[in-house]
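1. Sequence plus the predicted model coming up.
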Amino acid sequence: MKNDILTLLQIKNVGRRTINKAIKDGSINKLLEKHHTEIAEAQGKAEAIKEFCRKNYIEFTTILDDNFPACLKSIPDPPTILFCRGNLSLLGSRAVAIVGSRKPTDYSMKAAYRLSKIFTEKGFTIVSGLATGIDTAAHTSCLDSGGKTIAVMPCGLDKVYPALNKVLAQRILCSGGLLVSEYAPGTVIQKSYFVERDRLQSGLSQGVIVVESTADGGTMHTARFALHQGRPLGVMAPP
């Protein structure tokens with residue numbers, strides 16, 4: 001079934017919601033039959049992805065697998081598949097997401113660093129999105145404090161976004177952390193993926209802290225997802 005899910009995801013107009021509904025209804029085989037004319041090509045694409053993953057130390061887990069995080073199964077719009085590079089055991093760890101602006105004030109950068117240090121020292125995994133600004137401060141502080149951090153990516157794990165954080169991504173892996181994405185290697189990044197990624201940041205965490213954001217900033221998506229998913233939401237008061 002794991003391979004069937006990866007194959008179905010390679011078929012145009014078959015996405016996670018369609019597959020999740022089929023799994024819930026017990027109609028996954030009917031979905032495969034419906035697209036039988038496209039299966040051969042989709043299987044070829046799936047095999048290419050699996051081969052790339054094998055060569056690049058990327059593992060994948062589906063919503064039907066035992067090691068798929070329970071905290072994501074329970075959110076309103078769960079991912080069907082996760083591609084992971086690094087320490088998969090972190091997917092079930094006690095975690096807090098620290099997120100915020102890509103262009104924060106110096107005060108917010110220092111606050112994010114301090115918050116990440118405090119939670120790391122209390123045994124939390126730090127979740128963020130590897131973006132510049134607050135995300136970078138949160139990941140870096142966690143690593144400086146000897147902790148483990150998860151970077152949720154808006155792209156396939158064949159690349160690092162943004163590219164200027166390649167060194168930070170490598171440091172996360174070398175320190176026993178994890179890079180995770182619901183997008184297969186080779187996926188062309190789209191604007192909507194940044195919003196979709198945000199629901200996984202809150203979903204993987206027991207709570208979310210927004211350090212700084214404008215009212216229409218991308219961070220507000222994570223805040224809204226946290227409320228929708230029933231996660232505690234903390235917002236740092238400005239100085």
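-> Looks like it arrived, so ask away.
2. Any regions of the chain where pLDDT drops low?
-> Counting by pLDDT under 70, the chain contains no low-confidence range.
3. Quick check: chain neighbours aside, which residue is closest to Leu91?
-> Residue nearest to Leu91 in three dimensions, not counting chain neighbours: Pro69, with 4.2 Å by Cβ to Cβ, 6 or more residues apart in numbering. The way it works is simple: take the backbone N, C-alpha and C, and place the C-beta from them, glycine included.
4. residues in contact with the one you found?
-> Counting by Cβ atoms under 8 Å, 6 or more residues apart in numbering, Pro69 makes contact with 82, 91-92, 204.
5. Look up how far Gln10 lies from Gly44.
-> In this view, Gly44 and Gln10 are 8 Å apart by Cβ to Cβ, to the nearest Å.
6. And those two? Which one has more around it.
-> Between Gly44 and Gln10, counting by other Cβ atoms under 10 Å, Gln10 is the more crowded of the two (19 against 12).
7. Quick check: that one touching Ala46?
-> Yes - with contact defined as Cβ atoms under 8 Å, Gln10 counts as touching Ala46 (5.5 Å).
8. ok, Lys45 touching Lys12?
-> No - here Lys45 does not reach Lys12: they are 10.9 Å apart, not a contact under Cβ under 8 Å.
9. Contact partners for the residue most central in space within the chain?
-> The centroid of the chain falls nearest to Val152 when counting by Cα atoms, centre = their mean (3.2 Å). Contacts for Val152 (Cβ under 8 Å, 6+ apart) come out as 127-130, 180-181, 197, 200-201, 204.
10. Scan those residues and report the most crowded one.
-> Val127 (31 neighbours).
11. In a strand, it, correct?
-> Yes - membership of Val127 in a strand is supported by DSSP: H, G, I helix; E, B strand; the rest coil.
12. Can you tell me the element the residue in the chain sticking out farthest from the centre falls in?
-> In the chain, the residue that sits farthest from the middle, by Cα atoms, centre = their mean, is Thr37; the gap is 32.0 Å. Under the criterion of DSSP states H and E, Thr37 resides in helix 36-55.
13. Going along the chain, name the strands of the protein.
-> Counting by DSSP state E, residue ranges of the strands within the chain are 59-62, 81-86, 95-99, 125-128, 149-152, 178-181, 208-210, 233-235.
14. where do the helices sit along this protein?
-> All helices of the chain, identified by DSSP state H, fall at 2-8, 16-25, 28-34, 36-55, 70-73, 106-121, 134-144, 166-174, 191-203, 219-228.
15. out of the ones you listed, deepest packed?
-> Mean neighbour count (mean count of other Cβ atoms under 10 Å) peaks for helix 134-144 among these, with a mean of 25.
16. which other helices and strands contact it?
-> When contacts are defined as 3 or more Cβ pairs under 8 Å, 6 or more residues apart in numbering; DSSP states H and E, helix 134-144 sits against strand 95-99, helix 106-121, strand 125-128, strand 149-152, helix 166-174.
17. Pairing partners for the first one, with directions?
-> The one in question is strand 95-99. Looking at strand 95-99 with DSSP bridges, its partner strands are strand 125-128 (parallel), strand 208-210 (parallel).
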